[in-house]
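1. got a predicted structure plus its sequence, pasted below:
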Amino acid sequence: MTEEAWFLIVNPQAGGGKGLKKKASIIAALQHAGLSHFVYETKCPGDASTSVEEAVSKGYRRFVVAGGDGTLNEVANGILNQKYVPSDQLLLAQIPVGTGNDWRKSWNIPNSIEGSVALLKNPKSAKQDVASITFQANGKEEKLWFMNVAGCGFDAEVTLSANAAKAKGKSGFFTYIGQLVKTLASYQEPEVQFRVDNQTHSAHLFSLLAGICKYAGNAMKLVPQANPSDGLFHLTIASKISRLKVILNLPRLFSGSFTQLKEVKSLTCTEIEIQTSGLPIQADGESIGHTPAIFVVHPLKLHIVIAP
């Protein structure tokens with residue numbers, strides 16, 4: 001019975017408190033759909049990952065996240081770190097109640113409670129790639145997984161600023177855009193040494209993004225060629241660019257056409273090493289630490305619920 005039940009992880013802080021506000025509606029939708037479930041409400045950062053590992057040990061094999069991309073990332077880390085069963089034998093779904101909900105866009109997951117819960121009945125599933133990052137934090141080496149987009153440079157600086165605003169109760173699309181413009185005014189492109197598979201590069205880097213999926217930053221198509229099941233990183237690498245040109249091309253971030261700019265390169269690889277020290281890193285919309293860092297693709301390790 002436990003293997004058929006959904007282990008629901010609710011982040012009450014997701015979406016500026018939407019997780020808590022929508023908890024009752026989510027539970028009602030699951031009950032209306034006749035889906036057996038157990039509800040776990042997270043208490044602090046990292047709690048979602050730990051709860052998943054404990055749930056797997058008790059026999060749960062289906063997990064659904066009521067939260068945003070950050071909570072989804074934590075649950076994916078729990079699935080990938082647990083040692084009881086292979087990660088692709090566990091099923092992961094999302095009921096999006098976060099701020100950006102970018103991961104769902106690559107898989108056409110509905111942005112409503114009713115639509116996403118409907119996918120849990122006789123679920124259609126697929127396997128997607130994930131990636132590990134080995135990085136520096138709190139004076140030591142750490143390792144985490146991500147399932148959407150990670151990187152360093154301008155994007156990571158914006159994430160750092162946006163997360164600080166979120167901690168003060170400010171979130172949403174316009175908050176993110178506000179932090180983007182604020183960061184743009186002060187950002188200076190560092191000279192960065194990095195390795196893409198076996199080739200070394202050096203550039204005054206505006207941003208380097210490694211995509212498993214396409215979207216980040218509240219619906220921006222920052223890695224437009226990404227395919228979550230091809231076993232590759234798709235990289236968007238932007239070198240030094242004028243601030244006016246960035247501002248004039250902001251709308252093109254949402255279509256992905258900004259990659260046609262001469263300052264932007266698109267590459268594919270299976271491993272990236274950022275050798276320059278001290279650059280902030282973001283993964284799935286969360287600030288996690290800083291470089292030096294190594295990103296590695298792990299094909300088809302995550303089993304997910306998708307739209308028909």
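-> Here it is on my side, so go on.

2. A164: neighbour count?
-> A164: 12 surrounding residues under other Cβ atoms under 10 Å. To be clear about C-beta, it is placed using only N, CA and C from the backbone, and glycine gets the same treatment.

3. and it, what element?
-> According to DSSP states H and E, A164 maps onto helix 154-167.

4. for the helix or strand following that helix, buried residues please.
-> Next in sequence after helix 154-167, counting helices and strands by DSSP H and E, comes helix 173-186. Neighbour-count burial for helix 173-186, with 16 or more other Cβ atoms under 10 Å as criterion, is recorded at T175, Y176, Q179, L180, T183.

5. how about a markdown table for those, with pLDDT added?
-> Formatted as a markdown table, the buried residues of helix 173-186 follow (pLDDT from 0 to 100):
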| residue | pLDDT |
| --- | --- |
| T175 | 75 |
| Y176 | 76 |
| Q179 | 83 |
| L180 | 81 |
| T183 | 88 |
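
6. quick one on the thing from earlier: residues in contact with the helix holding A164?
-> With Cβ atoms under 8 Å, 6 or more residues apart in numbering as the test, helix 154-167 has contacts from 16, 99, 171, 175-176, 178-180, 182-184, 187, 206-207, 209, 216-217, 222, 238, 279-282, 285-287.

7. how far off helix 173-186 does that helix point, in degrees?
-> On the basis of axes from the mean of the first three to the mean of the last three Cα atoms, to 10 degrees, helix 154-167 is oriented at 130 degrees to helix 173-186.

8. gap between helix 154-167 and the chain center?
-> Its chain's average C-alpha position is 14 Å from that of helix 154-167, according to Cα atoms, centre = their mean, to the nearest Å.

9. for stretch 157-173, same thing?
-> 15 Å.

10. please save the CA atoms from that stretch in CSV.
-> Presented in CSV, the C-alpha positions along stretch 157-173 are these (Å, rounded to 0.1, in the frame of the first residue of the first chain):
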residue,chain,number,x,y,z
GLU,A,157,24.7,37.3,-8.6
VAL,A,158,21.1,38.1,-9.5
THR,A,159,20.0,34.9,-7.7
LEU,A,160,22.0,35.9,-4.6
SER,A,161,20.3,39.3,-4.6
ALA,A,162,16.8,37.9,-5.3
ASN,A,163,17.1,35.3,-2.6
ALA,A,164,18.1,38.0,-0.1
ALA,A,165,15.0,39.9,-1.1
LYS,A,166,12.9,36.8,-0.7
ALA,A,167,14.2,36.3,2.8
LYS,A,168,12.7,39.7,3.6
GLY,A,169,9.3,38.7,2.2
LYS,A,170,9.7,40.1,-1.3
SER,A,171,9.3,37.7,-4.1
GLY,A,172,7.7,37.3,-7.6
PHE,A,173,8.5,38.3,-11.1
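
11. no further queries at this time; thank you.
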